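Engineer: Have a look at this fold, sequence not included:
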């Protein structure tokens, strides 16, 4: 009897467990079906939490990784997670579209080289219908445009910014009281517009003279696939002419939209995903010549006004002192950012040397929202008398006259720009070599080899020009005159390197070699110590070991530490939580640093004294599986741009 009772209990427990498992399976199936349905309907807001729940239960399932990643891209959220998930999915056999979306997330986050690589891979493995529908070859062209456009950026003073709903676009015209934004009137619509029920936004001036034009968007006559720019002439204040398309200088085989014509300067501002767009709609300007009745070649308004997202509706005020425009960057579904900027006359540009600098500039923070930055450290600090405000004689080299400085800065800036182009082309060449090696398609391989030869040739050409400019800058900077004052006898010529004279202070120590007291006036001790500490740095520190040297007993060192003068490191990544000790393999040394006021942790590798050494190490790090790693530079413990670092490194042989 007891055995029978035990059997009944066991069977009951089994049935309960089986019932729970069936209920759990049923719940998962329901969630999966709903997630797939919302994804198919492009309702990514509702699909994301469903796929995220499935991914928590099945973290290695490619479908759920792919679903979460695509939703994040569509919703413009957490690109780092999208990259991490798509890297895994793309090498599986789940769906070739993973390569396309990996290219998209790289593209939207200014990693243009990586975007080109991923798009190119999709050209090999994707379906021909998808490749054509998604216009992948055009996306590759846009990514190449992005490389060129983000080498430098124009100076943009953002007066204010706000997020609005898409249906509130008319707010963009508040900056200009001479007209308003409105839906295109039916009488202005073409037959193609009416068939497609297409009524875009247009800027309508309050008043137009006879024979003046208004500018608007419409579908081209042949098909309804592309949008073109048209203009309509005011005949007699009551009658308007028929819409006439602008010529091929403006209209391309791609979309042109959102025209605004500034009658005072005869300048047409419009948006296009043709021309030299870096992605989505870019804002362009073209000037109309009333004598020749022709348009000038459209000029891209440049970065950071333009981005890989949609940027459009550029409208100036009546006096051309400020402008407003819209952008879909940094916004969620159904939202848009409205920026108001000052129209700067100085467009000489700002140089960017890594993707982090580009991403920061793209945020277009309003002046009131920018954090206070410490004053820039002078490259050569001149000690001054607090009482008289004069430079003490005999303690520093004579000041170089301003015209000489201007020539040197101009030549050096040109050299740095050429070097950037050479480095960019070298990276493209490297990626194409990898792609050519992996592709089984002989025709594509031949095409890639031809492109490799061409880009390698261009890279070497730019490199030669850069070297010539650096040599010219070096000769301009070389100190050719004797030290002017007898009081400067403490400064002597140490050596000459490549035509650059290296000077040093003659400092005597007391008998005790460890004493820190110098035979100099007390007030000069600080400056001499600073010179001594930053004179000749220690050797580079970097190694690739078979396994990680870090563990529970030997954790990652915290903080970057203080190193006088200029040093470089390789930033491996930024993470929301601490990484395991073996996360970076045998890369050594590694330090981690928590960002102040947050839980974000940065990981750096190595310690280098020259850009050449850190660049060589960066290639090794990327080959070890960290393609997003990049170079960072510090001067006296403070983070600086790599462009600034290069200039400091170039000058380090001068005291």
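Structural biologist: Nice, I can see it. Computed from a predicted model, the values in this text were never measured in an experiment.

Engineer: burial measure for residue 146, as a count.
Structural biologist: A count of neighbours around residue 146, defined by other Cβ atoms under 10 Å, yields 27. (Glycine included, C-beta is placed from N, CA and C.)

Engineer: Oops, could you answer that again for residue 340 instead?
Structural biologist: Neighbour count for residue 340, taken as other Cβ under 10 Å: 19.

Engineer: who does it bridge with?
Structural biologist: Counting by DSSP bridges, residue 340 is bridged to residue 160, residue 324.

Engineer: Just the pLDDT at it, thanks.
Structural biologist: At residue 340, the predicted lDDT confidence score is 92.

Engineer: so it makes contact with residue 324?
Structural biologist: Yes. Residue 340 is within contact range of residue 324, at 4.8 Å (criterion: Cβ atoms under 8 Å).

Engineer: Show me whatever sits in contact with both of these two.
Structural biologist: Common neighbours of residue 340 and residue 324, counting by Cβ atoms under 8 Å, 6 or more residues apart in numbering, are residue 175.

Engineer: residue contacts, residue 200?
Structural biologist: Counted by Cβ under 8 Å, 6+ apart, residue 200 has contacts 183-184, 216-218, 227, 257-258.

Engineer: Recalculate using a threshold of 6 Å.
Structural biologist: 184, 217 (Cβ atoms under 6 Å, 6 or more residues apart in numbering).

Engineer: Show the pLDDT at it.
Structural biologist: For residue 200, the model assigns a pLDDT of 90.

Engineer: before we move on, what about the one 3 residues further on?
Structural biologist: At residue 203, the model reports a pLDDT of 91.

Engineer: Quick check: the gap between the nearest residue to it once chain neighbours are set aside and residue 272.
Structural biologist: Of all residues not flanking residue 203 in the chain, residue 260 sits nearest, at 4.9 Å (Cβ to Cβ, 6 or more residues apart in numbering). From residue 260 across to residue 272, the span is 13 Å (Cβ to Cβ, to the nearest Å).

Engineer: looking at it, residue 271 is touching residue 258, isn't it?
Structural biologist: Yes. Contact criterion Cβ atoms under 6 Å: residue 271 and residue 258 qualify, at 4.7 Å.

Engineer: Give me the common contacts of the two.
Structural biologist: Common neighbours of residue 271 and residue 258 (Cβ under 6 Å, 6+ apart) are residue 312.

Engineer: Between these two, point out the one with more neighbours.
Structural biologist: residue 258 (30 against 27).

Engineer: and the more buried one, that's in a helix?
Structural biologist: No. In this structure, residue 258 is strand, not part of a helix, as judged by DSSP: H, G, I helix; E, B strand; the rest coil.

Engineer: pLDDT score assigned to residue 383?
Structural biologist: 31.

Engineer: Hmm, I typed the wrong one, I wanted residue 532.
Structural biologist: For residue 532, the pLDDT comes out at 34.

Engineer: Now for the chain, the helix or strand with the poorest mean pLDDT.
Structural biologist: helix 525-533 (a mean of 35; mean pLDDT, DSSP states H and E).

Engineer: one step back: so the residue nearest to residue 203 touches residue 316, yeah?
Structural biologist: No. Residue 260 is beyond contact range of residue 316, at 7.7 Å (criterion: Cβ under 6 Å).

Engineer: Looking at the two, which one has more neighbours?
Structural biologist: Neighbour totals were compared for residue 260 and residue 316, and residue 260 leads with 26 against 20 (other Cβ under 10 Å).

Engineer: Roughly how far does the more buried one sit from residue 287?
Structural biologist: Taking Cβ to Cβ, one finds residue 260 at 14 Å from residue 287.

Engineer: just residue 360 next, same as before
Structural biologist: Counting by Cβ to Cβ - residue 360 and residue 287 are separated by 32 Å.

Engineer: Looking at the two now, which is surrounded by more residues?
Structural biologist: When residue 360 and residue 287 are compared for neighbours, residue 287 comes out ahead with 15 against 11, by other Cβ under 10 Å.

Engineer: Now do the strand or helix carrying that one, average pLDDT.
Structural biologist: Element membership for residue 287, per DSSP states H and E: strand 282-289. Averaged across strand 282-289, the pLDDT comes to 95.

Engineer: what lines up beside it in the sheet?
Structural biologist: Take DSSP bridges as the rule and strand 282-289 pairs in its sheet with strand 267-272 (antiparallel), strand 294-295 (antiparallel), strand 299-300 (antiparallel).

Engineer: Count the neighbours of the closest residue to residue 645 other than its chain neighbours for me.
Structural biologist: Spatial nearest neighbour of residue 645, chain neighbours left out: residue 633 (3.4 Å); criterion: Cβ to Cβ, 6+ apart. Per other Cβ under 10 Å, the neighbour tally for residue 633 reads 24.

Engineer: Three-state assignment for residue 633, please.
Structural biologist: Of the three states, residue 633 takes strand under three-state DSSP.

Engineer: beta partners of it?
Structural biologist: residue 568, residue 640.
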